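Participant: Sequence isn't available, so here's the structure alone:
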């Protein structure tokens, strides 16, 4: 078993453990009436997008999500929160520094004592969800489960760890050896999950994967669907859309499982596809655990680098 596979399998117990941080998560993310910005890079940016949808849908206040390398510096916020597993990513540190005048700056991270702690007022530490693998799996899902409970208590399921454990014991919904292209679709808060699932396939298996808003798939991308395409749908979808996809010869993957559990299944698929392709998901090509740029470099066109700890 690879390290990545072991961390995927550990998610039910990790989800149970992070619920001890629910009061801190509520304080950081669920203050009613605040205008909030969520920042991240890669996986963390996709999680930020999902959380922004959840927070606004819950009526807690206007919530934006942005890539840390493209921060919306012209807007005004009551609170800016960065999601950064390592706490060392240069673009995240620079974006937080650029929002120095914001009333509250916070961070969600998996490692204590990292540079991000020096530029924020509040830290939500999910050290129990930290990972050895370069490819993130349990840190983002643990944050999603915790944030769902903090932002939308009525929608949170205390049974999610058990549901995840059951899904981990099931066969994959599609044989990765039969898949040439993977497409992931989501709507609202699950759009970020679709983006993250597609990223897992690219990172772990170096394979072609795409992601789109659910109903936008018919507006162009469906043109390249064929029998070698697997189209995964997170959450419910109109039956006429599924019929349109099936008419292309593509195979549609749907599930009654919770969307976060569906993401876990997509993680498993990515690792299984890596095995089919003879790749080691623990050592993805061209990737490192954190992107740390040299001092004096440029993190984005609008930001100057203030340096970051290695």
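Facilitator: Thanks, I have the structure now. These numbers were taken from a predicted model, which means no experiment stands behind them.
Participant: what about the helices in the stretch 201-310 of the chain?
Facilitator: Assigned by DSSP state H, counting those that start in this stretch, the helices in the stretch 201-310 of the chain fall at 239-246, 259-276.
Participant: How is this structure divided into domains?
Facilitator: 3-151, 170-276 (automatic domain parsing).
Participant: Would you enumerate the residues in contact with the residue nearest the centre of the chain?
Facilitator: Nearest to the centroid of the C-alpha atoms of the chain, with distances taken as CA atoms, centre = their mean, sits residue 47, at 3.6 Å. Under the criterion of CB atoms under 8 Å, 6 or more residues apart in numbering, the neighbours of residue 47 are 40, 83, 140, 143-144, 192, 196. In short, each C-beta sits where N, CA and C put it, glycine included.
Participant: which one is it nearest to, not counting chain neighbours?
Facilitator: residue 140 (4.9 Å; CB to CB, 6 or more residues apart in numbering).
Participant: is it true that residue 26 touches residue 150?
Facilitator: Yes. If you go by CB atoms under 8 Å, residue 26 and residue 150 touch, sitting 4.6 Å apart.
Participant: and those two? which has more neighbours close in?
Facilitator: Under the neighbour definition other CB atoms under 10 Å, residue 26 and residue 150 were set side by side, and residue 150 has more, 26 against 16.
Participant: Need the phi and psi values for the more buried one.
Facilitator: Phi and psi for residue 150, reported as degrees, to the nearest 10, are phi -80, psi -40.
Participant: just the one 3 residues further on next, same as before
Facilitator: When read as degrees, to the nearest 10, the backbone of residue 153 gives phi -50, psi -30.
Participant: From residue 43, how far off is it?
Facilitator: Residue 153 sits 25 Å away from residue 43, taking CB to CB, to the nearest Å as the criterion.
Participant: Of these two, which one has the most company?
Facilitator: Legend: neighbour count by other CB under 10 Å for residue 153 and residue 43, higher for residue 43 (22 against 12).
Participant: Identify the residue spatially nearest to the more buried one, adjacent ones excluded.
Facilitator: residue 136 is the one closest to residue 43 (CB to CB, 6+ apart), at 4.5 Å.
Participant: hmm, back to that, pretty sure the residue nearest to residue 47 belongs to a helix, no?
Facilitator: Yes. Assessed by DSSP: H, G, I helix; E, B strand; the rest coil, residue 140 belongs to a helix.
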